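Engineer: when you get a sec, could you give me coordinates for this:
(2 chains)
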There are 2 protein chains.
Amino acid sequence: MSDEISGEVGARSASPRRRAGRGSGTVRPALSTAQYRSLQHRFPPTPVVSEDELESIHNASLRVLEELGIDVLHEGARAIMKQAGADVKDGSERVRFDRNLILETIKTCPSEFTLHGRNPERNIRIGGKNLAFAQVASPPNCSDMQGGRRAGNQKDFRNLVKLAQRYDIIHCTGGYPVEPVDIHASVRHLECLRDIATLTDKPFHVYSLGKERNQDGIEIARIARGISHEQLEREPSLFSIINSNSPRKLDIPMMQGIIEMSSRNQIIMLTPFTLAGAMAPVTIAGAVVQQNAEALAGIAFTQMVRKGAPVVYGGFTSNVDMKTGAPAFGTPEYMKAVLLGGQLCRKYGVPYRTSNVNAANTVDAQAAYESVFSLWALTQGGGNFIMHSAGWLEGGLTASFEKFILDCDLLQMVAEFLTPLDTSEPALALDAIGSVEPGGHYFGTAHTLERFETAFYSPLISDWRNFETWQEAGSPTAYQKANAIWQKELAAYERPPMDPAIAEELEAFVAKRTEEGGAPTDF
Amino acid sequence: MSDEISGEVGARSASPRRRAGRGSGTVRPALSTAQYRSLQHRFPPTPVVSEDELESIHNASLRVLEELGIDVLHEGARAIMKQAGADVKDGSERVRFDRNLILETIKTCPSEFTLHGRNPERNIRIGGKNLAFAQVASPPNCSDMQGGRRAGNQKDFRNLVKLAQRYDIIHCTGGYPVEPVDIHASVRHLECLRDIATLTDKPFHVYSLGKERNQDGIEIARIARGISHEQLEREPSLFSIINSNSPRKLDIPMMQGIIEMSSRNQIIMLTPFTLAGAMAPVTIAGAVVQQNAEALAGIAFTQMVRKGAPVVYGGFTSNVDMKTGAPAFGTPEYMKAVLLGGQLCRKYGVPYRTSNVNAANTVDAQAAYESVFSLWALTQGGGNFIMHSAGWLEGGLTASFEKFILDCDLLQMVAEFLTPLDTSEPALALDAIGSVEPGGHYFGTAHTLERFETAFYSPLISDWRNFETWQEAGSPTAYQKANAIWQKELAAYERPPMDPAIAEELEAFVAKRTEEGGAPTDF
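Structural biologist: Residues are numbered from 1 along each chain as shown, chains lettered A, B, ... in the order given. Next comes the predicted model:
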């Protein structure tokens, strides 16, 4: 007998297909459970280059820092760098770094640390074998199937934050899941961080857009946790992504952000955004050389500000469509860059931040395959902290409610893939195999009945009904199923408990800072 | 400055997004080129269990063969097994195998060999680090966006075969891409194999559904290549998938298939279809124990028939939806089973066959993510020969024209991911980095201009246009784009050249065998 699902085979009574059938039942959504709160890599990371080749890339990055240098626009930062031994010349923004200065300085980076949430069960370990997922951050637009694409606003912002609270696989928000442009920029950070701190009990991010915002974010994180300044300084409770202005430029708000955050022992994720062919060389190796130079400079700076300050190496190298200049994500080139970034981080002993990305305009097959290619690379590359894990669409220009649900399902599948395969005696099932006659089936065996409820991952979206049943149900696509799920989850949202005194203190702080005019908007 | 695509960031002149833009040009489909004809794994395979755990699974499989045995329905096969030393009792179909018999017998399996096509440029290396993709095989239905879902028929069969010829990433057909039920079963194999042998110049598969079909298939492969029986026997030119009737049963056509194929040095791919929870234990480890026992028995039998006969270990363990009994594919459980199968194959030194599968009912996000999860597992698991690589939908019940195109794109991306990352001095791009001032861009540099045409993979489907341009173009989904592509590719199909004398001989053979009544249909 030949092949699995042949029509000829299908006519045979012994056909596995016949026996197993295609289900006609409904699909049950998995419950939000705590099993996804703390994930660990289990597989040896996949290297994309040899140790020698890695050394070549490392050395080329050090030559960029030594010979070409980086423009540092913040005068105070240049002074700190000069003090640390960097080559800073009066009247010039260009800073060059001796390779030994860089390599010695980054030695104080911690390889693993905890990002604290106001609920200690939401604390996130970063680095080592740990894997954590942050929600999409920063799109100017959002969209859902009914409402279409629209500019970010407070209502959608809040709804996306609430959805982030619904899934344990989302370990934290990664910024504003959509930019609420209907809130004035001077107070947006106050409104948004107060919302995130109250609507979720998970850790969060502050944008480095002027030191006042960093300071306000740090205070909101402290108040939400109900702790002293001293405890906050011992326990990192906030993170900030710093994107260098590639190529080779670190601007004033970035340096202010590092100074504010690192000096208080809060987390910096230094992420050059190096699109090969645009703001980085067209070769992936060259783009990563530049990424690595910029990352090393920024990471070293965090340690010049405060030895041992928690810092993460961010990789964001992808390619552009060379015909149009459009950025591409989840491509083979992106995958290689992600694996390579992982090799560099392991060499330096610093945690690795990467992303779950795609460039699709709708929640179709492209959105899914570019995302899973991204997840493939970041899982095999040993990514520790994954930005834009759920909801990112259109190369980051839109936060999609349906893509958020789809991504939660994908992330949960990755988490299940990373659970150990049980090879205990009962799992090997010799008795069960002996209890079923040749040509029989296992549906009713004790071995099956004891396990069937939890044996397999139960997906949120995947529709495994047979074609006829699926067609009778209106032929729903994954996009449509995700649409129904986010609405249901949003309706089921419950605000996590918060001490009323803390809530009051938070409101009072936001009111005071709002009254003071918030933060400058001339960034 | 914080995060990649923030609205706040978007307002800055130094915004990478601004600089790179979102393209507004049209998407160019990649050309079919010969660069995908011969693929190699480059990454160390990912183990899902430790060496000790692997040994436990191996030992459990051997205990199944020793203590429980397999039912072998073909009397002649039992005689061959008895002669080789297996425990065969008169009047019983049950055959038990001493572990040493199995391990000694499979030692003659070749670890690598060539499957020959009538065009030598289409020869396929199987085993070792080689990776080859076969088209979807055996669905009873097919579908496309305009025509909907319909029973398999000769016209669709031929169109799918023609599409298989259009893409070099499709190394061969894997059977009938759809079952043409409008051709009488007695002559279907003659019509179909003659079509495949003439419409493509790639190697192909024969179904083991009675020895006459194997014999006819072997003769068609020989005539198409224009070679002698002796040369055919030196050069494997045909393969056949054998699915055991799990659990623990090998039926008459299977054994006939192995006898016909292996005795003539043609390729057997022994593939138990072990759905955990249905015809195999509900635990993945237990299902693979059973898979491995059945595979080892069948593989050993090929070597009892002819030492050194080319044989491939097929893994097809997945899980079912325990609520409905519906088979599931591309799941975390499937991924683990694929990695585990790879570990077993490397232990035994035999090539590994696995599959690109999904259980979606349409070409949506689910179809894509289940497929890419499959590709992830089979790539990291070191799969050598991939069945159902392109076109499979609905758990194998439908061959989709659009999914075929989507899969070709996915396979090409996997192939690109497997190309070495260039870390030569020019690729490290130090000069280019030095030539661009901080904050500048690389669009016009010599380094970019020299490389931009071939720097990155150009996908068939991915739509990287900006949202507005994409919307003006009618908001095409990946499904719709794939629909346009297959029609264009089919229109562009050209029959590969064939010596007229060979074509005539093929026709004459098919006519003669048809006149004789074809093959029995009482299988």
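Engineer: for chain A, what helix or strand is lowest in average pLDDT?
Structural biologist: Within chain A, no helix or strand scores below helix A:7-10, which has a mean of 32 by mean pLDDT, DSSP states H and E.
Engineer: do you have the helices of the stretch 351-500 of chain A handy? List them.
Structural biologist: A:365-380, A:401-417, A:425-428, A:430-435, A:446-449, A:467-472, A:478-491, A:500-515 (DSSP state H, counting those that start in this stretch).
Engineer: which residues of chain A score low on pLDDT?
Structural biologist: Scanning chain A for pLDDT under 70 picks out A:1-34, A:523.
Engineer: tally of neighbours for the residue in the stretch 201-350 of chain A positioned nearest to chain B?
Structural biologist: Relative to chain B, the nearest point of the stretch 201-350 of chain A is residue A:324 (2.3 Å; CB to the nearest CB). Bear in mind the C-beta positions are built from the backbone N, C-alpha and C, glycine included. Using other CB atoms under 10 Å in any protein chain shown, residue A:324 is surrounded by 21 other residues.
Engineer: so it, which of the three states?
Structural biologist: coil (DSSP: H, G, I helix; E, B strand; the rest coil).
Engineer: still on that earlier bit, deepest of the helices of the stretch 351-500 of chain A, which one?
Structural biologist: Most buried of these, by mean neighbour count (mean count of other CB atoms under 10 Å in any protein chain shown): helix A:365-380, with a mean of 29.
Engineer: helices and strands around that one, which ones?
Structural biologist: helix A:332-348, strand A:352-355, helix A:401-417, helix B:365-380, helix B:401-417, helix B:478-491 (3 or more CB pairs under 8 Å, 6 or more residues apart in numbering or on different chains; DSSP states H and E).
Engineer: wait, which of those is closest to residue A:462?
Structural biologist: helix B:365-380 (5.4 Å; CB to CB).
Engineer: can I get the helices of the stretch 351-500 of chain A in JSON lines including distance to residue B:126?
Structural biologist: As requested, the helices of the stretch 351-500 of chain A are arranged in JSON lines below (distance: least, CB to CB, whole Å):
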{"stretch": "helix A:365-380", "distance to residue B:126": "24"}
{"stretch": "helix A:401-417", "distance to residue B:126": "27"}
{"stretch": "helix A:425-428", "distance to residue B:126": "30"}
{"stretch": "helix A:430-435", "distance to residue B:126": "30"}
{"stretch": "helix A:446-449", "distance to residue B:126": "35"}
{"stretch": "helix A:467-472", "distance to residue B:126": "34"}
{"stretch": "helix A:478-491", "distance to residue B:126": "35"}
{"stretch": "helix A:500-515", "distance to residue B:126": "64"}
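Engineer: close enough to count as contact, residue A:95 and residue A:75?
Structural biologist: No. At 11.4 Å, residue A:95 does not count as touching residue A:75 under the criterion of CB atoms under 8 Å.
Engineer: between these two, who's got more neighbours?
Structural biologist: More neighbours surround residue A:95 than the other of residue A:95 and residue A:75, with 22 against 11 (other CB under 10 Å).
Engineer: three-state assignment of the more buried one?
Structural biologist: Look at residue A:95: counting by three-state DSSP, its state is strand.
Engineer: who's in contact with it?
Structural biologist: Residue A:95 sits next to A:69-72, A:78, A:81, A:86-88, A:297 when contact means CB atoms under 8 Å, 6 or more residues apart in numbering or on different chains.
Engineer: try residue A:211
Structural biologist: A:256-257, A:259-260.
Engineer: next: residue A:196.
Structural biologist: Contacts of residue A:196 (CB under 8 Å, 6+ apart): A:161, A:173, A:204.
Engineer: please report how far it lies from residue B:468.
Structural biologist: Using CB to CB, to the nearest Å, residue A:196 is found at 31 Å from residue B:468.
Engineer: closest one of the contacts of residue A:196 to residue A:133?
Structural biologist: Among the contacts of residue A:196, and counting by CB to CB, the member closest to residue A:133 is residue A:173, at 10.8 Å.
Engineer: and the direction of the longest helix along chain A versus that of helix A:332-348, what angle?
Structural biologist: Taking DSSP state H as the criterion, chain A has its longest helix at helix A:284-305. Our comparison of helix A:284-305 with helix A:332-348, counting by axes from the mean of the first three to the mean of the last three CA atoms, to 10 degrees, yields an angle of 40 degrees.
Engineer: for helix A:284-305, the distance to its chain's centre please.
Structural biologist: 20 Å (CA atoms, centre = their mean, to the nearest Å).
Engineer: which helices and strands sit right next to the next helix or strand after that helix?
Structural biologist: Using DSSP states H and E, the next helix or strand after helix A:284-305 towards the C-terminus is strand A:311-314. Helices and strands touching strand A:311-314, by 3+ CB pairs under 8 Å, 6+ apart, are strand A:267-270, helix A:284-305, helix A:332-348, strand A:352-355.
Engineer: tell me which of these sits nearest to residue B:307.
Structural biologist: Of all these, helix A:332-348 comes closest under CB to CB, at 41.4 Å.
Engineer: helices along the stretch 1-150 of chain A, start to end?
Structural biologist: A:7-10, A:16-20, A:51-63, A:75-84, A:99-105.
Engineer: same question for the stretch 151-300 of chain A.
Structural biologist: Using DSSP H, counting those that start in this stretch, helices in the stretch 151-300 of chain A cover A:154-166, A:188-199, A:211-225, A:229-234, A:252-263, A:284-305.
Engineer: as a markdown table, those helices with distance to residue A:515 would be great.
Structural biologist: Formatted as a markdown table, the helices of the stretch 151-300 of chain A follow (distance: least, CB to CB, whole Å):
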| stretch | distance to residue A:515 |
| --- | --- |
| helix A:154-166 | 19 |
| helix A:188-199 | 11 |
| helix A:211-225 | 13 |
| helix A:229-234 | 22 |
| helix A:252-263 | 22 |
| helix A:284-305 | 31 |
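Engineer: which one of those is the most hemmed in?
Structural biologist: helix A:284-305 (a mean of 28).
Engineer: residue A:374 reaches residue A:359, doesn't it?
Structural biologist: No. In this structure residue A:374 lies outside contact range of residue A:359 using CB under 8 Å: 10.7 Å.
Engineer: what residues do those two have in common as contacts?
Structural biologist: Contacts common to residue A:374 and residue A:359, judged by CB under 8 Å, 6+ apart, are A:329-330.
Engineer: picking that back up, restricted to strands, list the contacts of residue A:95.
Structural biologist: A:70-72, A:87-88 (DSSP state E).
Engineer: any idea how far apart the tips of stretch A:244-260 sit?
Structural biologist: Start-to-end span of stretch A:244-260 (CA to CA, to the nearest Å) is 17 Å.
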